[in-house]
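# Got a predicted structure plus its sequence, pasted below:
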Amino acid sequence: MPQSFNLFKTQRLDLYCLTAEELFNIGEDKDVFASRSFKNPHGVITREELPRTNRAQDVRDNPENIRWYYRMIVDRERNVAVGSVSFHGAPDERGMVEIGIGIAKAEQGHGFASEALFGMWNWAAQQPGVKFLRYTVSPSNAASMAIIKKFEFPQIGEQIDEEDGLELIFEISVEDYRDWL
């Protein structure tokens, strides 16, 4: 049974898509998630400097694109937000979607990032127009490098990010990803 884009469930996690109102009010309202059932003791998204301006504008212009943006990663057993995950946008002209993820420092080392990425990529691989899955990472980020190695995405190049500096580019076709599963 396909999952709706509002909530994905993995073995241990609930991945809640932010509403447009939540996206627009982050930074303005410290209690932006007050109506949600989960707890957010780590200040996931609300205490983080995340790229939001372009994403908020995209959702204003294309409300259906909210499904590609921020999701709260919630440990279902404890009902606690442990991180967030987001595509950088809807599929580009090649059909590529790039993803970013962050896990609260106190929650790292429990496999939440790998599980959330798996859930997001599985969903994206079923979406019309998606042909490539991409993950970029600084070569000095040992934890993220270990995660992408588990997924066996091939490194296809590198780039200089204006905020993060050197990043390695890992990308796989949806067809090859499905075969990997």
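That came in fine, so what should we check first? Numbers count the residues shown, from 1 in each chain.

# contacting residues around residue 117?
85, 99, 101, 135, 147, 151 (CB atoms under 8 Å, 6 or more residues apart in numbering). (C-beta placed from N, C-alpha, C; glycine too.)

# Please check the residues you listed and keep the buried ones.
85, 99, 101, 135, 147, 151 (16 or more other CB atoms under 10 Å).

# Out of these, list just those in helices.
147, 151 (DSSP state H).

# Looking at the buried ones among the contacts of residue 117, which is nearest residue 17?
Using CB to CB, residue 85 is the member of the buried ones among the contacts of residue 117 that lies nearest residue 17, at 10.3 Å.

# ok so, going back, which pair in the contacts of residue 117 spans the largest distance?
Checking those with CB to CB, the most distant pair is 85 and 151, at 14.0 Å.

# Okay, and the residue lying closest to residue 36 once chain neighbours are set aside sits in which element?
Excluding the flanking residues, the one nearest residue 36 by CB to CB, 6 or more residues apart in numbering is residue 16, at 7.0 Å. For residue 16, the host element (DSSP states H and E) is strand 13-17.

# Just checking: what are the partner strands of that strand?
strand 7-9 (antiparallel), strand 71-75 (antiparallel) (DSSP bridges).

# okay, now residue 118: neighbour count?
17 (other CB atoms under 10 Å).

# typo on my end, residue 171
Residue 171 has 18 nearby residues by other CB under 10 Å.

# Excluding chain neighbours, what is closest to residue 80?
residue 39 (5.2 Å).

# oh, I was asking about residue 66
In space, residue 66 is closest to residue 59, 5.0 Å off (CB to CB, 6+ apart).

# ok so, going back, which stretch in the strands paired with strand 13-17 is the model least sure about?
Per-stretch mean pLDDT for the strands paired with strand 13-17 is lowest at strand 7-9 (a mean of 93).

# centre of the chain versus that one, how much separation?
Here strand 7-9 shows a centroid-to-chain-centroid distance of 13 Å under the convention CA atoms, centre = their mean, to the nearest Å.

# For it, which outside residues touch it?
So strand 7-9 is in contact with 3, 14, 15, 16, 17, 71, 76, 119, 120, 123, going by CB under 8 Å, 6+ apart.

# ok, back up a step: just the buried ones among the contacts of residue 117 now: which is nearest residue 169?
Of all the buried ones among the contacts of residue 117, residue 169 sits closest to residue 135, with 8.1 Å by CB to CB.

# Nothing else from me, thank you.
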